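A.B. asks: build me a structure from this.
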Amino acid sequence: MRRLRGFRTELRELAMRMTELGLDPVALERLGDREGRPAWSAAGRFLGRYQLVLDQYRAEYLDSAELLASAALLAPTSPRLDRLRLLLIDDVQDLPRGALDVVRAIARRGVPVVAAGDPDVAGSGFRGGGLELIGRPEGLIGAAGARLLRLERSHRQPAALRAFTAAVTERIGTAGAVGHRAASATRPGGAVLRIEGESRARELAAVARRLREAHLLEGVAWEDMAVVVRSGSLVPLVERALRLGEVPVRTSAAGTPVREAPAARHLLLAVAAAVGARELDAALAEELLLGPLGGLDRIAVRRLRLALRTEELAGGGTRGSDELLVEALAEPERLATVDSSQARRAAKLAHSLAQLRERAERSSVEELLWALWERSGLAEIWGTQAAGSGTTAVEANRHLDAVVALFEAARRYAERSPDADVGYFLDEMLNADVPEDTLAPQADEQTVLVTTPPGTVGRAFAVVAVAGLQEGVWPNRRLRGAIFAPQELAEVVDGVDSGTVDRRREVLGDELRMFALAVSRASALLVLSCTANDEEEPSPFLRLLPPDTAVQAGAAERPFTLRGLVGRLRREAAGGVLESAPGAPSSEPVLSARAGGAARALARLAAEDVVGAHPDDWYGLAEPSTVHPLVDLDAVHDDGEPARVAVSPSAIDTFETCPLHWFLDRVGGGSSNVSSGLGTIIHDVMERAETHDVERLWAGVDERWPELVIEAGWQEQAERRKARSLTEALAEYLQDFERRGGELLGAESGFEIADGRARLRGTIDRVERDPDGSVVIVDLKTGRAVPSAAKVAEHPQLAAYQLAVEAGAVPAVPAGAQLGGAKLVIVSSGVRGRRYREPVQERFDEERREAFRRRVQAAAEGMAGRVFLARIDEHCLAPHAFGDCKVHVIGEVSG
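C.D. replies: Numbering: from 1, shown residues only. The predicted structure is shown next:
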């Protein structure tokens, strides 16, 4: 519980309320005992010990409440205030009780006070602050004779925007003043737009487009626009989405810890791992490899794990990939025998860590960080990227800002504590919620502000977009202060009966005030956006909109960005190529009028160095590396044998489904996954099985389990359950086979036959003999797919095995043996009370045998070709099919 940020936040709030109310930790503890609030009593005891620790420091540390309390004590007699003639206060509704104590102390010195505010747009509503006293000026400033003036005109918002703001505020409970709500607009106009997206990405893309339209078409400056969200946790999400939409942004997040920036965090983690401040375990090793210092993605890390594991097994070892990955980063020479790009990058990181370990005893943390930074080469990479444009440049600038802030923090630490332990600084930076330093602030010019409602206090914008208006998010009806109830402390001290307070109504009032604060900042256009789908509902606040409010559905088909414009022009230029024009030679392709215009526009953009506009940046324009077929079927080998195509039985079905998929898998190398790796293990266990005992079979699976690279613990548990189920089904099949009196003739029996243009080559899982003496070919399947009876009858693998047996190419089959057909043994699902299925392919007659031979010849000739078509179907379009050809047929690539 104590590690939760919410717990610490409530404790800090309680401490500040305690100070504002003039209590000390002992008084808080006694109050908790008297009121039956054990949380207050425990907090009082803790804050008493906390204060004793702070008293040991030479410098005096004060939080904001303590600072205001000290100012209230000094204000009545301080000579520094002798020259003060007038005190002006704006947004008085947001002043906490401690600030009002300072104001009253100044007023008692005879200084005139003018306070302006609006109780309907208060960003916080703690009892005893300016919100409650704004309607009673004598209580606000603590002086008799104070006057209350109500403004009758709203100068910021035109009529349409003022009407919507009024529709919100009239639903807020009163705070001692309601007359101000009658204020009317001084001018007509203003617009309100509602955006609904079917997903959060589409919603925010539409918001980004509308902001760009306001800037480019309507002349609104970037700094005169703001996007407001309910919670600070949504700010990074919105910031990223707007940057993708090419909207320059800044945030008002006060105090973003340096460690939360990926660039700074990975530098800190690398130094911590090198000096021993953090244990280098598998999780940390993978995080470093996936970061900017390692430069690998998850696929590359998986390949590195597999290479290390393969090498380990070849040497007779049994260690898992986690242990091997840690060893690789701890001992750089371990990667010398792994020849791959990912191993070389990992080795560079490992050598960097080794150098840091050597320097740890004689170097400061600043020197260690600098040594790592120089060796990484990231300064040049990010510097080049930052000098460009687009989202890559923005991200590079953020990385550099984070690194600069980190070095500044390290420098100050070294100056303050030159003899302090390096590990203390690293631990402080990696764990502290309150930052040592903040990222470099961004200039307000030419950027859109992304903030929460309190970040708009005292500001106004021409365009305001209130984003993320979802049910359960805004309004957030969750009761506050569930642990320490800091908001109730003032009620108890002021003698208010907490039982008479409607907490839910109070929370809804606070939510409405924040919403009113956000919408009241707009002076020309107000955009309200939400996501509407089966899982997310729009906020009830949107029901306050007039029925005739314009509604925009999601993002437009064409993004209003340079990148989107370049993409559209490229599609128009490429799609408008005509084979020939009337009267022109047929060998001279021409452009349609629309495509010609697109080409000229691209030329103009390319002249301005817009990324992607020049053909040099385009993929797919290079000449083919070769136009020769994979196999020259007209060639004859030195021994007089004609050239043949190696055909695997399993590849026939793949090729027939999609030639392009087969080609990419054959030439590019297919990628393995957990399911295929598990299938290989189950096949191996069946090959070596000497018994049908499930525990002995499972021991074989468990022995090879470390070969699988599984990233998450929950996934490993799920895969182990799946593996156990497959093993039990296999054991049941083997037991039934033995009970029937079957005999195993061979396992993993290889064969090769030459037939026309094809060289058919494969391996049969099991060759069995039934009690009647017939030989049956068995192919084990661990996948979930269950083929229909029609597909089993034409199954190419089983057919190829039958052809091999008939040709006498399978040594395990005795001469003269009668072939009884072939079957699949599917252990992923069962039927008729069994845990497995065994669909059978009957023995081929002469007609079917010849039909299959023609099928093999057709596949061989196709595999030998130089053009491979993509047959678009489920294998490349289904969400979880992951066909290798998918990248070549999606619209983003093919147009």
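A.B. asks: measure the most centrally placed residue in the chain to E471 for me?
C.D. replies: Closest to where the C-alpha atoms of the chain average out (C-alpha atoms, centre = their mean) is L237, at 9.6 Å. L237 is 18 Å from E471, where distance means C-beta to C-beta, to the nearest Å. In this view, the C-beta of every residue, glycine as well, is placed from N, C-alpha and C.
A.B. asks: same check on A201?
C.D. replies: 19 Å.
A.B. asks: which elements pack onto the helix or strand hosting G700?
C.D. replies: Using DSSP states H and E, G700 sits in helix 694-704. Packing contacts for helix 694-704, counted by 3 or more C-beta pairs under 8 Å, 6 or more residues apart in numbering; DSSP states H and E, involve helix 674-688, helix 713-739.
A.B. asks: list the buried residues of the last one.
C.D. replies: Using 16 or more other C-beta atoms under 10 Å as the burial criterion, the residues of helix 713-739 that qualify are 719-720, 722-723, 726-734, 737.
A.B. asks: same question, stretch 42-60
C.D. replies: 43-44, 46-47.
A.B. asks: what's the closest of these to A465?
C.D. replies: Comparing the buried residues of stretch 42-60 against A465 with C-beta to C-beta places A43 closest, at 39.8 Å.
A.B. asks: that's a strand at that closest one, yeah?
C.D. replies: No. Assessed with DSSP: H, G, I helix; E, B strand; the rest coil, A43 is helix; it does not lie in a strand.
A.B. asks: ok, the spatially closest residue to it that is not a sequence neighbour - contacts?
C.D. replies: In this structure, A43 finds its nearest non-sequential neighbour in L14, 5.6 Å apart by C-beta to C-beta, 6 or more residues apart in numbering. With contacts defined as C-beta atoms under 8 Å, 6 or more residues apart in numbering, L14 is in contact with 28, 40, 43, 484, 486, 489.
A.B. asks: could you dump those residues to TSV with secondary structure, distance to R769 and pLDDT?
C.D. replies: Output for the contacts of L14, formatted as TSV (DSSP: H, G, I helix; E, B strand; the rest coil; distance: C-beta to C-beta, whole Å; pLDDT from 0 to 100):
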residue	secondary structure	distance to R769	pLDDT
L28	helix	86	87
W40	helix	82	86
A43	helix	80	86
F484	coil	77	78
P486	helix	81	76
L489	helix	85	80
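A.B. asks: of these - the most surrounded one?
C.D. replies: L489 (29 neighbours; other C-beta atoms under 10 Å).
A.B. asks: give the contact list for that one.
C.D. replies: Here L489 is in contact with 14, 17-18, 21, 31, 40 (C-beta under 8 Å, 6+ apart).
A.B. asks: of the residues you listed, which is the nearest to E408?
C.D. replies: Closest approach to E408 among the contacts of L489 (C-beta to C-beta): L14, at 33.0 Å.
A.B. asks: in the helix or strand harbouring the closest one, what's buried?
C.D. replies: Secondary structure from DSSP H and E places L14 in helix 5-20. Within helix 5-20, the residues scored as buried using 16+ other C-beta under 10 Å are 10-11, 13-20.
A.B. asks: swap in stretch 747-755?
C.D. replies: 747, 749, 751, 753.
A.B. asks: name the nearest of these relative to P538.
C.D. replies: A747 (61.8 Å).
A.B. asks: that closest one looks like it's in a strand, true?
C.D. replies: Yes. A747: assigned to a strand according to three-state DSSP.
A.B. asks: wait, isn't it in contact with D765?
C.D. replies: Yes. Judged on C-beta atoms under 8 Å, A747 makes contact with D765 at a distance of 7.0 Å.
A.B. asks: overlap in contacts, these two.
C.D. replies: Common neighbours of A747 and D765 (C-beta under 8 Å, 6+ apart) are 686-687.
A.B. asks: between which two of the buried residues of stretch 42-60 is the distance greatest?
C.D. replies: Pairwise across the buried residues of stretch 42-60, and taking C-beta to C-beta, the largest span is found between G44 and F46, at 7.4 Å.
A.B. asks: in the stretch 451-600 of the chain, where is pLDDT below threshold?
C.D. replies: 480-482, 497-502, 554-558, 575-591 (pLDDT under 70).
A.B. asks: with the stretch 651-800 of the chain instead?
C.D. replies: Looking at the stretch 651-800 of the chain by pLDDT under 70, you get 668-674, 709-712.
A.B. asks: break the protein down into its domains, please.
C.D. replies: 5-61, 185-254+444-475+504-553, 258-431, 563-617, 646-671+740-876 (automatic domain parsing).
A.B. asks: in a markdown table: those, plus distance to R153.
C.D. replies: As requested, the domains of the chain are exported to a markdown table (distance: least, C-beta to C-beta, whole Å):
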| stretch | distance to R153 |
| --- | --- |
| domain 5-61 | 35 |
| domain 185-254+444-475+504-553 | 5 |
| domain 258-431 | 41 |
| domain 563-617 | 43 |
| domain 646-671+740-876 | 64 |
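A.B. asks: okay, now N476: neighbour count?
C.D. replies: Neighbours around N476, by other C-beta under 10 Å: 16.
A.B. asks: typo on my end, it should be A354
C.D. replies: By other C-beta under 10 Å, 15 other residues sit near A354.
A.B. asks: tell me which element it falls in.
C.D. replies: Going by DSSP H and E, A354 is in helix 341-359.
A.B. asks: what's the angle from the helix or strand just after that helix to helix 341-359?
C.D. replies: Sequence-wise, the next helix or strand beyond helix 341-359 is helix 365-376, with elements assigned using DSSP H and E. For helix 365-376 against helix 341-359, the angle by axes from the mean of the first three to the mean of the last three C-alpha atoms, to 10 degrees is 150 degrees.
A.B. asks: and the next helix or strand past helix 365-376?
C.D. replies: Next along the chain from helix 365-376, counting by DSSP H and E, comes helix 378-386.
A.B. asks: helices and strands around that following helix, which ones?
C.D. replies: Helices and strands touching helix 378-386, by 3+ C-beta pairs under 8 Å, 6+ apart, are helix 391-416.
A.B. asks: neighbouring strands for the strand or helix carrying R250, and are they parallel or not?
C.D. replies: Assigned by DSSP H and E, R250 belongs to strand 249-251. Partners of strand 249-251 in the sheet, by DSSP bridges, are strand 448-451 (parallel).
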